[in-house]
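**Student:** Predicted structure and sequence below. I'll ask about it afterward.
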Amino acid sequence: VQLQASGGGLVQAGGSLRLSCAASGDTIRHYAMGWFRQAPGKEREFVAAVSRTGTRTNYVDSVKGRFTISRDNAENTAYLQMNRLRPEDTAVYYCAAGRYSDVSLVADYWGQGTLVTVSS
């Protein structure tokens with residue numbers, strides 16, 4: 001499966017963005033979907049994941065209550081709605097497809113990143 005992330009940009013603190021991850025080459029019904037991010041000078045970290053059917057989700061603690069992951073299997077696309085953004089959310093965001101776990105996503109496929117910059 002090939003993944004194409006989009007929707008990044010520059011936003012002020014407190015604002016919102018919605019990232020999209022469009023898949024091709026296979027149906028995302030076969031995969032759990034997730035988002036990771038990598039801030040400058042830091043390691044890539046898990047952000048959120050959604051199970052294949054969308055019935056389970058998990059998030060890193062720092063985004064709980066602010067970010068929502070979802071998926072539309074008919075559109076072959078996953079989303080990350082990001083609200084109340086903070087400067088520390090600034091990072092390159094990557095979507096991934098793989099296997100769901102209660103604490104992360106075991107990623108088998110990666111998309112290219114999309115840059116999110118939150119100004120203070």
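**Tutor:** Right, received. Where do you want to start?
**Student:** what pairs with the helix or strand where Leu3 lies, and is each one parallel or antiparallel?
**Tutor:** Using DSSP states H and E, Leu3 maps to strand 2-6. In the sheet, strand 2-6 lines up against strand 17-24 (antiparallel) (DSSP bridges).
**Student:** show me the contacts for the nearest residue to Val63 once chain neighbours are set aside.
**Tutor:** Using Cβ to Cβ, 6 or more residues apart in numbering and skipping residues adjacent in sequence, the residue nearest Val63 is Val47, 6.0 Å away. Where C-beta positions appear, they are placed from N, C-alpha and C, glycine not excepted. By Cβ atoms under 8 Å, 6 or more residues apart in numbering, the contact list for Val47 reads Gly34, Trp35, Phe36, Arg37, Tyr59, Val60, Val63, Phe67, Leu80, Tyr93.
**Student:** In helices, which of the residues you listed fall?
**Tutor:** Judged by DSSP state H, helices contain none of the contacts of Val47.
**Student:** can you list contacts of stretch 1-21?
**Tutor:** Identification of contacts with stretch 1-21 by Cβ under 8 Å, 6+ apart yields 22-26, 28, 30-31, 33, 35, 77-87, 92-97, 109-120.
**Student:** List the ones among those that fall in strands.
**Tutor:** Among the contacts of stretch 1-21, the ones falling in strands (DSSP state E) are 22-24, 33, 35, 77-82, 92-97, 109-119.
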